[in-house]
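In: This is a predicted model, with the sequence first.
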Amino acid sequence: MSRKKFLVIDDSKLIHKMFNVMLRQYEVVHAFDGREGLQLLGQHSDVDAILLDINMPNMNGLEFLATVKADSGLAELPVVIISTEGKEEDTARAMAAGASAYIKKPFDHKQLLDVIAGL
């Protein structure tokens, strides 16, 4: 069985470094905004899930999520929002747009692994 593969889309280099440590047992592909995420998704169609920030330049996370969920070939792909936006309405908006889960930054290793295990 091959190891799981995640696409991380976040504009913070520090967050990408953190994911490399927290998800070292998995394969991780990195994008720094939604546009780059869509390009990489085209090249890595075998990703198991997407870990997505909301606030990014060029194409934000909710725009990316809407694009993915509108594509019949990608609509079932789990997307976990990981954002500093943690108000109830932000969470509700992301879940209504098709997110599988919502994690508020800052978060810990166990919380991330628990969410991934539930996908």
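Out: That came through, no problem. It should be emphasised that the depicted structure is a prediction, and the values quoted were computed from it without experimental measurement.
In: May I ask you to confirm that residue 77 belongs to a helix?
Out: No - read with DSSP: H, G, I helix; E, B strand; the rest coil, residue 77 is coil and lies in no helix.
In: Name all residues that make contact with it.
Out: Listed by CB atoms under 8 Å, 6 or more residues apart in numbering, the contact set of residue 77 reads 47, 49-50, 68. Yep, even glycine has a C-beta here, placed from its N, CA and C like the rest.
In: could you redo the last one with a cut-off of 7 Å?
Out: Neighbour list for residue 77: 49-50, 68 [criterion: CB atoms under 7 Å, 6 or more residues apart in numbering].
In: now swap in residue 3 and tell me
Out: By CB under 7 Å, 6+ apart, the residues touching residue 3 are 25-27.
In: Please identify which of these is nearest to residue 81.
Out: Of all the contacts of residue 3, residue 26 has the smallest distance to residue 81: 18.4 Å, by CB to CB.
In: what about the closest residue to the closest one other than its chain neighbours, neighbour count?
Out: Nearest residue to residue 26, sequence neighbours excluded (CB to CB, 6 or more residues apart in numbering): residue 4, at 4.8 Å. For residue 4, the count of nearby residues is 16 (other CB atoms under 10 Å).
In: Do you know the pLDDT at residue 4?
Out: Note for residue 4: predicted pLDDT of 93.
In: can you check residue 1 too?
Out: Looking at residue 1, its pLDDT stands at 53.
In: quick one on the thing from earlier: closest to residue 112 out of the contacts of residue 3?
Out: Comparing the contacts of residue 3 against residue 112 with CB to CB places residue 26 closest, at 10.9 Å.
In: From what I see, the closest one and residue 6 are in contact.
Out: Yes - Residue 26 lies in contact with residue 6 (CB atoms under 7 Å); the separation is 5.8 Å.
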